[in-house]
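**Student:** Structure, please.
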Amino acid sequence: MKSPRKRTLLAGGGIVAAGLAVVVSSALTASAAPAPVPAPDPAAQVEALAAPAKQAEEPDHTPWGDVIGTGVQSAAGELVFYGVKVDVEQLPQTTFGIMAGHRSADGKVSAALTTNESEGSDKSPGFHAVSGGLNGIPAFGYYAGPAVKITAKVNDKAVTAHQAAWSVDPNVVVFWFDSDSDPLDLAAFDASGTQLPAGNTGVGHG
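**Tutor:** Okay, here's the model as predicted:
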């Protein structure tokens, strides 16, 4: 079983910056005169001040494919799930994630919690990006493969997940539970009842 996926981030993994060592020659003496520093160009200073600060790129929460309704209502609206595009340099094999959100009575969809694969291919057979519940969002994730039934143990009880195929790729099955407790012993089965590959059944917690 792989390590649990991180949930609320679209990118897992860090960036390592290499330090730059500066070597000063021992031949320099205290009496050595410093090199003259050229005066700054006033025009360049004005241009730099006028340039707008570069803003960090916001993640794209636009639904990719159909929004999956659950019928579960709260003060925030109906609980929904939908795909979102992921384009992160550190995750070359991850192209999408699953967003949990809400749909208001007027049809407006708001984002709440994203989960995506952070190791290996996002469509390798098995479970991916399983997220524990948070702030009223139940445990959810997706399965890559022909799963028609997904089961787990939640609060020491055997349960069957709700599920729906993603319209962009029907081989990707979005699933969710009624509880925000962690789903254990996740298993997926095809139409003949044969158990499918497990993939990554670890549960992420932010």
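**Student:** just checking, V159 touches I150?
**Tutor:** No. At 9.6 Å, V159 does not count as touching I150 under the criterion of CB atoms under 8 Å. (C-beta placed from N, C-alpha, C; glycine too.)
**Student:** Which parts of the protein are helices?
**Tutor:** Applying DSSP state H to the chain gives helices spanning 42-50.
**Student:** still on that earlier bit, out of V159 and I150, which sits in the busier spot?
**Tutor:** Set side by side, V159 and I150 show more neighbours around I150, with 24 against 16, by other CB atoms under 10 Å.
**Student:** what sits against that one?
**Tutor:** For I150, the contacting residues are Y143, T160, A161, Q163, V173, F175, L186, A187, A188, F189, by CB atoms under 8 Å, 6 or more residues apart in numbering.
**Student:** Now the buried members of these.
**Tutor:** Applying a neighbour-count criterion of 16 or more other CB atoms under 10 Å, the buried members of the contacts of I150 are Y143, A161, Q163, V173, F175, L186, A187, A188.
**Student:** can those residues go into JSON lines with extra columns for pLDDT and distance to Y82?
**Tutor:** As requested, these are arranged in JSON lines below (pLDDT from 0 to 100; distance: CB to CB, whole Å):
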{"residue": "Y143", "pLDDT": "98", "distance to Y82": "16"}
{"residue": "A161", "pLDDT": "98", "distance to Y82": "17"}
{"residue": "Q163", "pLDDT": "98", "distance to Y82": "14"}
{"residue": "V173", "pLDDT": "98", "distance to Y82": "14"}
{"residue": "F175", "pLDDT": "98", "distance to Y82": "14"}
{"residue": "L186", "pLDDT": "98", "distance to Y82": "22"}
{"residue": "A187", "pLDDT": "98", "distance to Y82": "25"}
{"residue": "A188", "pLDDT": "98", "distance to Y82": "21"}
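**Student:** thought P125 was touching Q195?
**Tutor:** No. Taking CB under 8 Å as the definition, P125 is not a contact partner of Q195, at 11.9 Å.
**Student:** Compare the two (neighbour count), which wins?
**Tutor:** Using other CB under 10 Å, the more surrounded residue of P125 and Q195 is P125, with 17 against 12.
**Student:** buried sites along the strand ranked longest in the chain?
**Tutor:** Across the chain, the strand with the greatest residue count (assigned by DSSP state E) is strand 64-74. For strand 64-74, burial by neighbour count (16+ other CB under 10 Å) applies to W64, V67, I68, T70.
**Student:** For N135, see how far away the first one is.
**Tutor:** In this structure, W64 lies at 23 Å from N135, with CB to CB, to the nearest Å as the measure.
**Student:** Name whatever forms a beta bridge with M99.
**Tutor:** Judged by DSSP bridges, the bridge partners of M99 are Y82, T114.
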